[in-house]
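Trainee: What would the 3D arrangement of this be:
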Amino acid sequence: MTPRFSLSTHTFREQAPIPGTSGEFSRIIMQIALGGKLIAQDLRKAGLSQFLGSTGLINVQGEEVQKLDERANQIFLDVFEHMELVSTLVSEEMEKPYLIKEADGQGRYAVFLDPLDGSSNIDVNASLGSIFSIHRLSVEGFPTSEEALRKKGSDQVAAGYILYGSCVLLVYTCGHGVHQFTLDQEAGEFFLSAKNIQIPKRGKIYSVNEGNYQKWSTGTQQFLHYLHEVDVQAGRPYTSRYSGCFVADVHRVLCKGGLYMYPGEQKNPDGKLRLMYEAAPLSFLVEQAGGMGSTGVEPVNQLIPKALHQRVPLYIGSQDDVTKAEAFLRSELPI
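Mentor: Numbering: from 1, shown residues only. Purely as a prediction, here's the structure:
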């Protein structure tokens, strides 16, 4: 029988050969996994509980807050509340960073979260996700300013996502390959199900909300036409797949190749996705699998954030497909 490696066993084994490691990353990732298990538990009974629907509130992004958004955010606050390693949580659902009292003076990490990605899918029982990014702080204790938290994506210690679908998956990288774990509901544990995932250099799938076509720049529109064109020798047309859940669409691209796009718009050139807890972590992960994450002009993870909730356009996926998108955008008329 093939041995089953749990998430905790795998993370400790992965860090063991690295000089100076102390198991800190393993402890943080296990708390993220715990949050994912609790959210998955809530999702399984959401239709029979009071968790469906809107809270009636608007978050810092100007978006309607779903009850499960609020619940998922609180779950992650709770699982980190007594962890002295993490001093700060930054979440899509909170305007300001959340400071963890027990980490005062000793917390060395900040965790960035999109607690529940794909909120529009909640009431129709479609895929949802959680995104996480881990940064090491330059000084222990609480950050003295917001600027101390605004780090490039290339500085991430680790990043990944949890996908709540037909099964619950946790996919992460700490800069040494991309690994996938599947939740065994009976054992209550994540077990390794795919190691050192590599994204195909080129795919045949694209994911984008084509309802926004008229809002896009000329280059983006031309690139979409290119994907639609029939060229059997070149492997076109591409197949369109879009779920409304960023995590689910990127996971498909990671497994099968292709690209996900959320372009900037003529009146909103910065796009919709948040840099520090959506675009940067998934770009870091996809790059570790051999892919690319780009704004269409430059690598996402070379950007120096100007704000914690900054938005950026995103083209992410197989190298050849993202490079082709960049070529169309370079030739476009200015937005």
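Trainee: Count the neighbours of residue 196 for me.
Mentor: By the measure other Cβ atoms under 10 Å, the count of residues near residue 196 is 11. All C-beta spots, glycine's among them, are computed from the backbone N, C-alpha and C.
Trainee: how close does it sit to residue 10?
Mentor: As defined by Cβ to Cβ, to the nearest Å, residue 196 lies at a distance of 12 Å from residue 10.
Trainee: Need the residues touching each of these two.
Mentor: residue 179 (Cβ atoms under 8 Å, 6 or more residues apart in numbering).
Trainee: which outside residues touch stretch 183-196?
Mentor: 4-7, 10, 33, 36-37, 40, 167-170, 177-182.
Trainee: Surely residue 159 touches residue 289?
Mentor: No: with contact defined as Cβ atoms under 8 Å, residue 159 does not reach residue 289; the gap is 11.8 Å.
Trainee: Who has more neighbours out of those two?
Mentor: Just comparing residue 159 and residue 289: by other Cβ under 10 Å the higher neighbour count belongs to residue 159, 29 against 20.
Trainee: Report pLDDT for the closest residue to the more buried one other than its chain neighbours.
Mentor: Distances taken as Cβ to Cβ, 6 or more residues apart in numbering put residue 281 closest to residue 159, at 3.5 Å, once the chain neighbours are dropped. What the model reports as pLDDT for residue 281 is 98.
Trainee: what do you get for residue 331?
Mentor: 81.
Trainee: Need phi/psi at the residue nearest to it when sequence neighbours are not counted.
Mentor: Leaving aside its chain neighbours, residue 331 sits nearest to residue 219 (6.1 Å; criterion: Cβ to Cβ, 6+ apart). Dihedral pair for residue 219: phi -60, psi -40, per degrees, to the nearest 10.
Trainee: Output the below-cut-off pLDDT ranges for the stretch 101-250 of the chain.
Mentor: 105 (pLDDT under 70).
Trainee: Export the lengthiest helix in the chain to CSV, keeping only CA atoms.
Mentor: Longest helix in the chain, counting residues (DSSP state H): helix 24-44. Provided in CSV are the C-alpha atoms of helix 24-44 (Å, rounded to 0.1, in the frame of the first residue of the first chain):
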residue,chain,number,x,y,z
GLU,A,24,7.4,27.9,11.8
PHE,A,25,5.9,27.6,8.3
SER,A,26,4.4,24.2,9.2
ARG,A,27,2.7,25.7,12.2
ILE,A,28,1.2,28.5,10.2
ILE,A,29,0.0,26.3,7.3
MET,A,30,-1.7,23.9,9.8
GLN,A,31,-3.7,26.8,11.1
ILE,A,32,-4.7,27.8,7.6
ALA,A,33,-5.7,24.2,7.0
LEU,A,34,-7.8,24.2,10.2
GLY,A,35,-9.6,27.3,8.9
GLY,A,36,-10.3,25.5,5.6
LYS,A,37,-11.7,22.5,7.4
LEU,A,38,-14.1,24.7,9.5
ILE,A,39,-15.2,26.6,6.4
ALA,A,40,-15.8,23.3,4.5
GLN,A,41,-17.9,22.1,7.5
ASP,A,42,-20.0,25.3,7.3
LEU,A,43,-20.5,25.0,3.6
ARG,A,44,-21.7,21.4,3.9
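Trainee: what's the offset of that helix from the middle of its chain?
Mentor: Using Cα atoms, centre = their mean, to the nearest Å, the mean C-alpha position of helix 24-44 is found 15 Å from that of the whole chain.
Trainee: now swap in stretch 255-268 and tell me
Mentor: Using Cα atoms, centre = their mean, the offset of stretch 255-268 from its chain centre is 14 Å.
Trainee: Need the contact partners of that stretch.
Mentor: By Cβ under 8 Å, 6+ apart, stretch 255-268 touches 197, 199-209, 212, 215-217, 220, 238, 246, 249-250, 252-253, 270-273, 296, 313-318, 321-322, 325, 335.
Trainee: cool, stretch 86-94 as well?
Mentor: For stretch 86-94, the external contacting residues (Cβ under 8 Å, 6+ apart) are 28, 31, 59-61, 65, 69-70, 73, 76-77, 80, 97-100, 103-104, 106-115, 137, 140-143, 149, 274, 276-278, 308-309.
Trainee: Buried ones only from those, please, as a ChimeraX command.
Mentor: In ChimeraX, this line selects whichever of those come out buried by 16 or more other Cβ atoms under 10 Å:
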select :28,31,59,65,69,70,73,76,77,80,97,98,100,103,107,108,109,110,111,112,113,114,115,137,142,143,149,274,276,277,278,308,309
